[in-house]
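Q: I would like to see how this sequence folds:
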Amino acid sequence: MSDTNGNGANANQGGAPALNALVQYLKDFSFENPNAPNSLGPQEKAPNISIQVNVNAKQLAPTDFEVSLTLDAAAGEGAGLLFKLELEYGGVFRLVNIPQEQIHPIVMIECPRLLFPFVRQIVADATRDGGFPPLYVDPIDFVALYQQKAAEAAGQPGTANA
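A: This is a model prediction of the structure:
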């Protein structure tokens, strides 16, 4: 039996390691269909779809972190742009009894992994509601994304450009 309070957070500070999602929310969202209704008809060829994903985190309290998953997607480009979607989805997570060296990877890998299914559903619903077939974003390897960002940071020590 575990001791929990009303928000699902582990009330036993001396117990087992725990990762709790305290709240999730849509922080920012934009869907543009600039060439409607012309863009809604049959297309001669499949559009080029580009997707960019980023993870950001901010410590709110000793055990609480806000993690945001941003996703930018576009179909087509220039005058042939079918749609553009920008989404920032966030959550507040509580990490209890986690060793210090494991906090950063958990915040940057496991927390966005928990947020991703909700982001994927919002993207699919928005593109469908915008008049297009739903865009189902492939699962994201957050471990590889974390390693890539760590390698980029390690390769650029002391630079002022960000």
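
Q: for stretch 140-157, give me every contacting residue.
A: Contacts with stretch 140-157, where a contact means C-beta atoms under 8 Å, 6 or more residues apart in numbering, come from 53, 55, 105, 108-110, 112-113, 116. To be clear about C-beta, it is placed using only N, CA and C from the backbone, and glycine gets the same treatment.

Q: try 6 Å
A: The contact list for stretch 140-157 (C-beta atoms under 6 Å, 6 or more residues apart in numbering) reads 53, 108-109, 112-113.

Q: so which residue is dead centre in this structure?
A: residue 69 (2.2 Å; C-alpha atoms, centre = their mean).

Q: contact partners for that residue?
A: So residue 69 contacts 55, 89, 112, 115, 119 (C-beta under 6 Å, 6+ apart).

Q: give me the next element, helix or strand, following the strand or helix carrying the last one.
A: So the one you mean is residue 119. Using DSSP states H and E, residue 119 falls within helix 111-129. Sequence order places helix 142-154 as the next helix or strand after helix 111-129, per DSSP H and E.

Q: before we move on, the earlier item: just among the contacts of stretch 140-157, which is most surrounded?
A: Tallying neighbours with other C-beta atoms under 10 Å puts residue 112 at the head of the contacts of stretch 140-157, with 24 neighbours.
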